[in-house]
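K.L.:
Coordinates only, no sequence provided:
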């Protein structure tokens, strides 16, 4: 089973203070200036995936 995100809220992670992404689809493109937190958003999503896998074991 795949993790399906429709929205995500991230607070105080890396250089992100508060981010809210809504209406997420199967493919999402993050466009913003360098050093604005795109990688931290992906890392936070990956952490959710790791948590999801551990809870199913």
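P.N.:
Alright, I've got the coordinates. Nothing here was measured: the structure is a model prediction, and the numbers come from that model.

K.L.:
Am I right that residue 8 is in contact with residue 45?
P.N.:
Yes. Under the criterion of Cβ atoms under 8 Å, residue 8 makes contact with residue 45 at 6.8 Å. For glycine as for every other residue, the C-beta is placed from the backbone atoms N, C-alpha and C.

K.L.:
Do a quick rundown of the strands in the protein.
P.N.:
Secondary structure of the chain (DSSP state E): strands located at 8-13, 16-21.

K.L.:
Tell me which of these lies nearest to residue 55.
P.N.:
Residue 55 sits nearest to strand 8-13 of all the strands of the chain, at 17.4 Å, using Cβ to Cβ.

K.L.:
Listing partners with orientation, what would you give for that closest one?
P.N.:
strand 16-21 (antiparallel) (DSSP bridges).

K.L.:
quick check, distance from the strand it pairs with to the centre of its chain.
P.N.:
10 Å (Cα atoms, centre = their mean, to the nearest Å).

K.L.:
Stretch 13-20 too?
P.N.:
The answer for stretch 13-20 is 10 Å, by Cα atoms, centre = their mean.

K.L.:
quick one, what contacts residue 41?
P.N.:
8, 10, 16, 19, 21, 30 (Cβ atoms under 8 Å, 6 or more residues apart in numbering).

K.L.:
related to what we said a few turns ago, turn the strands of the chain into CSV, including mean pLDDT, mean neighbour count and distance to residue 51.
P.N.:
Converted to CSV, the strands of the chain look like this (pLDDT from 0 to 100; neighbours: other Cβ atoms under 10 Å; distance: least, Cβ to Cβ, whole Å):
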stretch, mean pLDDT, mean neighbour count, distance to residue 51
strand 8-13, 95, 13, 13
strand 16-21, 95, 12, 18
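
K.L.:
Can I get the ones you listed in CSV including distance to residue 55?
P.N.:
Compiled in CSV, those are given as follows (distance: least, Cβ to Cβ, whole Å):
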stretch, distance to residue 55
strand 8-13, 17
strand 16-21, 22
